[in-house]
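1. Sequence first, then the predicted structure, then my questions.
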Amino acid sequence: MNLADLNKVARAMVTPGKGILAADESSGTIKKRFDAIKVESTEENRRDYREMLFRSQEAMSKYISGVILYDETIWQNAKDGTPLVKLIEQAGAIPGIKVDEGTQPLPACPGELVTVGLDKLAERLKKYYERGARFAKWRAVIDIGSGTDGRGIPSMTAIRVNAHALARYAALCQAAQIVPIVEPEVLMDGDNDIDRCYDVTQRVLNKTFQELRVQRVALEGMILKPNMAISGKKCAKQASVAEVAEKTVRLLKSCVPAAVPGIAFLSGGQSDEEATAHLDAMNKIGNLPWPLTFSYGRALQAAPQKAWSGKAGNVPAGQQAFSHRARMNGLASTGKWDA
Ligand code: 13P
């Protein structure tokens with residue numbers, strides 16, 4: 001492992017004013033997104049849609065530092081035969097790859113999940129590196145809830161096994177000269193308040209960094225992709241933008257070592273504007289040990305998906321919608337966004 005090179009890539013991923021486009025929806029997830037805009041999820045449509053994003057010159061060259069791809073996409077070529085990976089590189093952004101293989105029910109923990117995909121990961125990483133990937137992503141999913149057996153969710157079991165898998169993945173990435181994005185996502189779907197989200201996220205992050213240390217992952221060669229401290233979607237009392245920003249910054253300062261080169265948030269079901277406003281408010285607080293930026297999927301793509309709606313004639317409108325959201329989030333990454 002060459003840690004100086006890993007660190008260089010990690011720092012480029014969180015360049016001030018730029019952030020990451022998460023375009024790594026699995027086939028099942030992109031089908032859901034396409035269903036919503038009444039587009040059939042064929043291999044060609046998925047390619048055309050992603051080609052539209054990667055050819056958005058303004059967004060890609062000014063506001064996007066890297067793109068997370070799904071396995072299908074990393075091997076695909078644009079309509080004119082250019083590998084999609086090359087389009088990303090030509091725009092000055094870094095190609096990345098989602099390497100987890102989704103979740104499975106966690107035995108003896110009803111309602112909880114463990115992320116899988118470690119088998120043969122070392123070999124897969126080698127092939128992805130040869131294709132141009134310089135970073136990877138693995139997402140662990142932690143839910144908050146009351147549970148069916150009265151013991152409450154998340155269990156310590158779910159937190160531990162997911163942290164262990166994240167660290168195994170991160171160590172394998174670094175050995176393959178690929179920067180791991182470590183993503184322990186605490187979901188925001190429940191009726192819990194922001195303080196419960198804060199507590200659970202704190203436990204999850206502490207356990208994740210403990211495992212990263214145990215497995216000798218170099219913190220200088222990784223990026224953290226956390227959720228924000230935020231109210232559950234079904235909670236009657238929704239925390240304000242200022243409260244989300246203040247609590248998220250406090251939480252991260254208490255759990256994330258300064259050696260980590262940067263933090264890139266997931267949007268997790270927040271609206272486009274909320275995701276931008278929260279990031280901006282955190283950066284306006286300032287005086288942080290790491291750059292805080294975005295690694296958004298839905299909050300960057302909802303608008304372009306709607307504008308495009310599967311029609312070739314709508315490509316310019318789709319690109320414009322994408323560039324707009326990318327620019328707003330780029331501004332938020334330096335605390336310069338105005339509502
Ligand atoms: P969202 O921003 O839609 O949560 O997606 C980001 C991501 O990559 C989740 O793994």
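-> Arrived safely.

2. contacts, neighbours, all on C-alpha from now
-> Noted.

3. Surely I97 is within a helix?
-> No - going by DSSP: H, G, I helix; E, B strand; the rest coil, the assignment for I97 is strand, not a helix.

4. what residues does stretch 160-178 touch?
-> Outside stretch 160-178, the residues that touch it by C-alpha atoms under 8 Å, 6 or more residues apart in numbering are 1-2, 6, 114-116, 118, 121-122, 125-126, 129, 133-136, 138-141, 179-184, 204, 207-208, 211-212, 215-217, 221-222.

5. Extract the C-alpha set from that stretch and format it as PDB.
-> C-alpha atoms of stretch 160-178 as PDB (Å, rounded to 0.1, in the frame of the first residue of the first chain):
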ATOM      1  CA  ARG A 160     -20.600  -4.900  15.700                       C
ATOM      2  CA  VAL A 161     -21.000  -7.200  12.700                       C
ATOM      3  CA  ASN A 162     -21.500  -4.300  10.300                       C
ATOM      4  CA  ALA A 163     -18.500  -2.400  11.700                       C
ATOM      5  CA  HIS A 164     -16.400  -5.500  11.400                       C
ATOM      6  CA  ALA A 165     -17.400  -5.900   7.700                       C
ATOM      7  CA  LEU A 166     -16.800  -2.300   7.000                       C
ATOM      8  CA  ALA A 167     -13.300  -2.500   8.400                       C
ATOM      9  CA  ARG A 168     -12.600  -5.800   6.500                       C
ATOM     10  CA  TYR A 169     -13.700  -4.100   3.300                       C
ATOM     11  CA  ALA A 170     -11.600  -1.000   4.000                       C
ATOM     12  CA  ALA A 171      -8.500  -2.900   4.700                       C
ATOM     13  CA  LEU A 172      -8.900  -4.900   1.500                       C
ATOM     14  CA  CYS A 173      -9.400  -1.700  -0.500                       C
ATOM     15  CA  GLN A 174      -6.200  -0.100   0.900                       C
ATOM     16  CA  ALA A 175      -4.200  -3.200   0.100                       C
ATOM     17  CA  ALA A 176      -5.500  -2.900  -3.500                       C
ATOM     18  CA  GLN A 177      -4.500   0.800  -3.600                       C
ATOM     19  CA  ILE A 178      -8.200   1.900  -3.600                       C
END
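
6. in the stretch 51-200 of the chain, what spans have low per-residue confidence?
-> Applying pLDDT under 70 to the stretch 51-200 of the chain flags residues 148-150.

7. Could you rerun that using 80?
-> 147-151 (pLDDT under 80).

8. Using the three-state scheme, assign the residue in it that the ligand sits nearest to.
-> Nearest to the ligand, among the residues of the stretch 51-200 of the chain, is R139, at 5.6 Å (C-alpha to the nearest ligand atom). Secondary structure, three-state DSSP: R139 is strand.

9. which residue sits closest to it, ignoring its sequence neighbours?
-> Leaving out its chain neighbours, the residue that sits closest to R139 by C-alpha to C-alpha, 6 or more residues apart in numbering is E183, at 4.7 Å.

10. L224 is in contact with the one you found, correct?
-> Yes - assessed by C-alpha atoms under 8 Å, E183 is found in contact with L224 at 6.2 Å.

11. residues touching P289, list them.
-> K253, A258.

12. distance of it from the ligand?
-> 23 Å (C-alpha to the nearest ligand atom, to the nearest Å).

13. so what's that residue scoring on pLDDT?
-> P289 carries a pLDDT value of 98.

14. Among the contacts of stretch 160-178, name the buried ones.
-> Buried by 16 or more other C-alpha atoms under 10 Å: 6, 114-116, 118, 125-126, 129, 133-136, 138-141, 179-184, 204, 207-208, 211-212, 217, 221-222, out of those.

15. Name the nearest residue to R216, sequence neighbours excluded.
-> A171 (7.1 Å).

16. how about whichever strand or helix holds that neighbour: buried residues?
-> Using DSSP states H and E, A171 sits within helix 156-175. By 16+ other C-alpha under 10 Å, the buried positions in helix 156-175 come out as 157-175.

17. what does stretch 101-116 give?
-> Buried, per 16+ other C-alpha under 10 Å, within stretch 101-116: G102, L106, C109, E112, L113, V114, T115, V116.

18. and the protein, which residues reach the ligand?
-> Contacts of the chain with the ligand, taken as C-alpha under 6 Å from any ligand atom, map to A22, R139, L266, S267, G268, G269, Y296, G297, R298, A299.

19. at 5 Å what do you get?
-> A22, L266, S267, G268, Y296, G297, R298 (C-alpha under 5 Å from any ligand atom).

20. Just the ones of these in strands?
-> Applying DSSP state E to these, the entries found in strands are A22, Y296.

21. just the strands in the chain please.
-> Under DSSP E, the chain gives strands at 19-23, 64-69, 94-98, 103-105, 113-115, 135-142, 179-186, 223-224, 263-265, 292-296.

22. Would you mind putting those into JSON lines with distance to I285 alongside?
-> Formatted as JSON lines, the strands of the chain follow (distance: least, C-alpha to C-alpha, whole Å):
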{"stretch": "strand 19-23", "distance to I285": "19"}
{"stretch": "strand 64-69", "distance to I285": "23"}
{"stretch": "strand 94-98", "distance to I285": "29"}
{"stretch": "strand 103-105", "distance to I285": "36"}
{"stretch": "strand 113-115", "distance to I285": "34"}
{"stretch": "strand 135-142", "distance to I285": "28"}
{"stretch": "strand 179-186", "distance to I285": "23"}
{"stretch": "strand 223-224", "distance to I285": "20"}
{"stretch": "strand 263-265", "distance to I285": "15"}
{"stretch": "strand 292-296", "distance to I285": "11"}
